[in-house]
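Trainee: Okay, predicted coordinates and the sequence, questions at the end:
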Amino acid sequence: MIIDCHGHYTTAPKALRAWRDAQIENLNTPELGPKVSDLKISDDEIRESIELNQLARMKERGIDVTIFSPQASFMTHHIGDFNTSATWAAICNELCYRVTQLFPKNFIGAAMLPQSPGVDTSTCLPEMRKCINEYGFVAINLNPDPSGGHWRDPPLGHSYWHPIYLEMIALDVPAMIHVSTSCNDCFHTTGAHYLNADTTAFMQCLTSDLFAKFPALRFLIPHGGGAVPYHWGRFRGLAREMNIPDIHQKLLNNIYFDTCVYHQPGINLLTEVIPAKNILFASETFGAVKGIDPDTGFYFDDTRRYLKAVDGLSQQEKEMIFEGNARKVFSRLNARFPA
């Protein structure tokens with residue numbers, strides 16, 4: 001089995017965006033709507049949005065299961081207040097749940113949290129519990145910067161985040177550390193903000209005692225870990241300056257990286273630097289890069305091709321990356337998809 005650990009509902013029916021636009025337009029006058037009941041999306045519309053897009057691409061590439069969450073750039077936690085985010089997260093999660101019910105052999109959910117800048121993170125727990133316990137989701141997406149590129153909330157090692165961590169451990173689910181749209185003109189959303197956040201999250205973990213406090217915590221850093229694999233020597237050197245002799249022991253029992261890296265040299269580097277046990281297959285189709293690479297004639301995001309072409313990995317290591325590691329990190333997968 002091939003498990004793609006990083007998929008978003010980027011092809012949701014247009015009615016979802018129209019509802020969100022109306023919500024934003026009436027932030028100061030919520031009594032004018034829209035109501036949740038105003039959003040009408042049929043099962044047939046969902047089927048069409050998936051069958052012609054994600055599912056078609058999965059079949060072409062031999063991908064069996066995708067861990068599926070709301071569109072990351074659409075989370076936009078910086079907009080409105082907690083009530084705004086709570087309503088929006090519930091709608092987006094419920095749509096992903098409907099996808100998993102219509103295509104139970106191909107999709108399983110990961111939850112968007114109703115985060116809001118500066119708000120107590122315990123407010124996220126009811127939605128989190130609903131998604132895991134009622135919808136059967138297997139993970140959450142945790143935004144380390146709900147301000148949208150201004151980084152106003154505490155770093156990941158701070159007690160601000162502890163309510164979510166404790167609930168993750170209680171529910172036995174990991175978090176993908178994933179920001180949303182940048183509202184800071186200095187940072188392009190998918191070309192800078194996402195990769196900055198991946199790198200920042202890793203460094204925040206390195207400079208904290210987070211995993212000493214919560215040894216059962218599991219983080220997936222997407223997009224190949226941002227700059228982390230490329231600058232592994234820098235991080236090892238910084239760790240030694242901080243009297244951390246073994247970065248592997250401090251971080252690599254808890255942090256994992258996906259393969260949303262869209263060229264062969266990048267995947268080669270990732271697999272040379274990061275142990276195979278810490279890498280999970282992912283493509284993020286359809287995500288930031290949807291086109292065909294003119295140098296190869298293949299889609300940029302066809303990451304299975306890159307992994308298959310890596311000479312430095314044994315067959316056993318490739319099987320770990322394609323399936324085994326996902327079963328370990330997303331342990332709730334095993335109930336739905338027995339090995």
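Mentor: Noted; the coordinates are in hand.
Trainee: First-to-last residue distance for stretch 140-160?
Mentor: Stretch 140-160 has an end-to-end distance of 17 Å (criterion: CA to CA, to the nearest Å).
Trainee: Show the average pLDDT along that stretch.
Mentor: For stretch 140-160, the mean pLDDT works out to 97.
Trainee: Would you indicate which residues of that stretch are buried?
Mentor: Within stretch 140-160, the residues scored as buried using 16 or more other CB atoms under 10 Å are 140-149, 151, 153, 155-157. The C-beta positions use only the backbone N, C-alpha and C, and glycine is treated the same way.
Trainee: Contacts only, for G136.
Mentor: By CB atoms under 8 Å, 6 or more residues apart in numbering, the contact list for G136 reads 97, 100, 108-109, 332, 336.
Trainee: now do P154
Mentor: Here P154 is in contact with 160-161 (criterion: CB under 8 Å, 6+ apart).
Trainee: just to revisit the earlier point, show the buried residues in the contacts of G136.
Mentor: Among those, those classed as buried by 16+ other CB under 10 Å are 97, 100, 108-109, 332.
Trainee: Just the ones in strands from those residues, please.
Mentor: 108-109 (DSSP state E).
Trainee: Turn the buried ones among the contacts of G136 into a markdown table, including distance to F202 and pLDDT.
Mentor: Output for the buried ones among the contacts of G136, formatted as a markdown table (distance: CB to CB, whole Å; pLDDT from 0 to 100):
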| residue | distance to F202 | pLDDT |
| --- | --- | --- |
| Y97 | 31 | 98 |
| T100 | 30 | 98 |
| I108 | 26 | 98 |
| G109 | 26 | 98 |
| R332 | 25 | 97 |
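Trainee: rewinding a little: quick one: which of the buried residues of stretch 140-160 is nearest E51?
Mentor: The nearest member of the buried residues of stretch 140-160 to E51, counting by CB to CB, is N141 at 24.2 Å.
Trainee: a helix runs through the closest one, doesn't it?
Mentor: No. Assessed with DSSP: H, G, I helix; E, B strand; the rest coil, N141 is strand; it does not lie in a helix.
Trainee: could you pull out the strands for the stretch 101-250 of the chain?
Mentor: For the stretch 101-250 of the chain, applying DSSP state E, counting those that start in this stretch gives strands covering 107-109, 111-112, 140-142, 175-177, 219-221.
Trainee: With distance to D4 added, can I get those strands in a markdown table?
Mentor: Converted to a markdown table, the strands of the stretch 101-250 of the chain look like this (distance: least, CB to CB, whole Å):
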| stretch | distance to D4 |
| --- | --- |
| strand 107-109 | 10 |
| strand 111-112 | 17 |
| strand 140-142 | 15 |
| strand 175-177 | 12 |
| strand 219-221 | 12 |
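Trainee: To I2, which of the ones you listed lies closest?
Mentor: strand 107-109 (13.7 Å).
Trainee: Quick one: residues in contact with the closest one.
Mentor: The contact list for strand 107-109 (CB under 8 Å, 6+ apart) reads 7, 50, 54, 65-69, 93, 96-97, 99-100, 131, 135-138, 333, 336-337.
Trainee: so which of the strands of the stretch 101-250 of the chain gets nearest D21?
Mentor: strand 111-112 (18.0 Å).
Trainee: Neighbouring strands of that closest one in the sheet, and parallel or not?
Mentor: Using DSSP bridges, the strands paired with strand 111-112 are strand 140-142 (parallel).
Trainee: most residues in a single helix of the protein, which one?
Mentor: As assigned by DSSP state H, the longest helix anywhere in the chain is helix 82-102.
Trainee: what's the neighbour count on the nearest residue to P13 once chain neighbours are set aside?
Mentor: The shortest distance from P13 to any non-neighbouring residue, by CB to CB, 6 or more residues apart in numbering, is to E45 (4.5 Å). Close neighbours of E45, defined as other CB atoms under 10 Å, add up to 15.
Trainee: can you give me the helices for the stretch 201-339 of the chain?
Mentor: Counting by DSSP state H, counting those that start in this stretch, the stretch 201-339 of the chain has helices at residues 210-213, 232-241, 247-251, 264-273, 303-308, 315-319, 325-329, 333-336.
Trainee: buried residues in the last one?
Mentor: So that's helix 333-336. L333.
Trainee: same thing with the fourth one?
Mentor: By neighbour count, and taking 16+ other CB under 10 Å as the criterion, the buried residues in helix 264-273 are 264, 266-271, 273.
Trainee: right, and the pair among those residues with maximum separation?
Mentor: Across these, the longest distance by CB to CB is 15.0 Å; it joins Q264 and V273.
Trainee: Out of the buried residues of helix 264-273, which comes closest to A239?
Mentor: Taking CB to CB as the measure, A239 lies nearest V273 of those, at 14.6 Å.
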